[in-house]
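Peer 1: Mind folding the following:
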Amino acid sequence: MVEFSIIIPAYNVEKYIEQALKSVLLQTFKDFEVICIDDGSTDKTLKIIEKYKKKDHRIKILKTKKHIGPGGARNLAIEEAKGKYIACVDADDIVLPDFLKLPYEKLEKTNVAAVWIKSLIFWESEKKTTKMFTFPDLMNEKEGFLTLSPQILTNYPAYSWNKMFRKDCLNENIFWTEDKLFEDVEFYWRFYTQHPDIYIIDQPLYIYRRHQSSIMSKSIVDIDYHKNLFYVTENIYKFLNEQGLFEKYKETFLKFLAQNIGEFESYDNLKQELAKTVLETMKKINFPENYFDLDKNFPNNQFDIVKD
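Peer 2: This is a model prediction of the structure:
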């Protein structure tokens, strides 16, 4: 057994994967394994990983039979992980030398399920790094313990890469969404509704690379972007009900759903198709259609396009 398993899903990232691996191998904390999952890359990604595997025995390579996305790749890696703790790194990002050391100290000395770290963001097009990632609520939190109560659960970012967690907190109900955007969001709800106690480290240890292909650069006027979000929202609703948690998190979930709908109201060209997606989702989860001001968000009675 090792102390940390670092999971890196990789898909056509030949431009970035070498920097990611170099930064991981420069850790001041040495007791870890690196599990790289090649998710059907068609470029030189796999060759680059294999080159580094020959140099360092801590690197392991998994290959998917078909493209399953970063969520599916992480699920696959978890099954093989030998670490006591799990850390997720995106293949186009960079970690700083104490990325493992400082969280390890807190995980060992406390009973928290996870440690969160602060991050920097590198803007590739502008070739600059900003001081802090724009997480207003998280950035205002000082170092220390935090319990993610239902009231504040959605105040914090769902990304997997700025969080380390105990592997023994995972069970069959905690996993990432496969082959979908927003895979982190579903994992976040599944994990932190069951393990809400965390520790925040008031120090940036991760550099998120913002570039044209990164998820945060996806246009929110892309209808597939929103369909993925509502697919995940439906899964979260089902999970909360299956676990008997819906009443506890009801108001938080409604806020989350309302925020998702609210993002779209200024994009007239999407409203017709989006209205159909929203209504279909709300029907699947037996959600009251009159909960939101749909006439305001979707004028001209667009919800009439879906009929039983």
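Peer 1: buried residues in the longest strand seen in the chain?
Peer 2: Across the chain, the strand with the greatest residue count (assigned by DSSP state E) is strand 197-210. For strand 197-210, the neighbour count (16 or more other CB atoms under 10 Å) marks 198-201, 204-210 as buried. C-betas here are computed from N, CA, C, even on glycine.
Peer 1: Report all helices and strands that that strand contacts.
Peer 2: When contacts are defined as 3 or more CB pairs under 8 Å, 6 or more residues apart in numbering; DSSP states H and E, strand 197-210 packs onto strand 94-95, helix 101-109, strand 114-123, strand 144-147.
Peer 1: Dump these into TSV; add distance to Glu247 as well.
Peer 2: What follows is the helices and strands packed on strand 197-210, written out as TSV (distance: least, CB to CB, whole Å):
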stretch	distance to Glu247
strand 94-95	39
helix 101-109	32
strand 114-123	24
strand 144-147	19
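Peer 1: what's the most buried one of these?
Peer 2: strand 94-95 (a mean of 22; mean count of other CB atoms under 10 Å).
Peer 1: Give the partner strands of that strand in its sheet and their orientations.
Peer 2: Strand 94-95 sits in its sheet next to strand 197-210 (antiparallel), going by DSSP bridges.
Peer 1: which residues in the stretch 151-300 of the chain form helices?
Peer 2: Secondary structure of the stretch 151-300 of the chain (DSSP state H, counting those that start in this stretch): helices located at 183-192, 223-242, 246-262, 268-284, 294-297.
Peer 1: Does Asn111 touch Ile198 like I think?
Peer 2: No. Counting by CB atoms under 8 Å, Asn111 stays clear of Ile198, with 11.0 Å between them.
Peer 1: Tell me the secondary structure at Val34.
Peer 2: strand (DSSP: H, G, I helix; E, B strand; the rest coil).
Peer 1: close enough to count as contact, it and Ile6?
Peer 2: Yes. Here Val34 reaches Ile6: they are 4.8 Å apart, a contact under CB under 8 Å.
Peer 1: sorry, back to before: could you identify the most distant pair in the buried residues of strand 197-210?
Peer 2: Within the buried residues of strand 197-210, two members stand farthest from each other by CB to CB: Tyr199 and Arg210, at 26.6 Å.
Peer 1: Domain boundaries for the chain, per the record?
Peer 2: 2-217, 223-305 (automatic domain parsing).
Peer 1: Run the chain-centre distance for the first one.
Peer 2: Put plainly, it is domain 2-217. Computed by CA atoms, centre = their mean, to the nearest Å, the separation of domain 2-217 from the middle of its chain amounts to 8 Å.
Peer 1: Turn the domains of the chain into CSV, columns for mean pLDDT.
Peer 2: CSV is the format used below for those (pLDDT from 0 to 100):
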stretch, mean pLDDT
domain 2-217, 88
domain 223-305, 65
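Peer 1: Tell me who's in contact with the residue nearest the centre of the chain.
Peer 2: Most central in the chain under CA atoms, centre = their mean is Asp184, positioned 2.5 Å from the mean C-alpha point. Shown in contact with Asp184 (CB atoms under 8 Å, 6 or more residues apart in numbering): 71, 158-160, 176.
Peer 1: relative orientation of the longest strand of the chain and strand 114-123 in degrees?
Peer 2: Counting by axes from the mean of the first three to the mean of the last three CA atoms, to 10 degrees, strand 197-210 lies at 20 degrees to strand 114-123.
Peer 1: Quick check: which element contains the closest residue to Tyr85 other than its chain neighbours?
Peer 2: Nearest non-adjacent residue to Tyr85, counting by CB to CB, 6 or more residues apart in numbering: Phe4, 5.1 Å away. Assigned by DSSP states H and E, Phe4 falls within strand 2-10.
Peer 1: what's the burial count for the nearest residue to Leu245 once chain neighbours are set aside?
Peer 2: Excluding the flanking residues, the one nearest Leu245 by CB to CB, 6+ apart is Thr193, at 5.6 Å. Residue neighbour count, defined by other CB atoms under 10 Å, stands at 21 for Thr193.
Peer 1: Quick check: Thr193 vs Ile236, distance?
Peer 2: 9 Å (CB to CB, to the nearest Å).
Peer 1: any idea how far Lys238 lies from Arg58?
Peer 2: In terms of CB to CB, Lys238 sits 38 Å off from Arg58.
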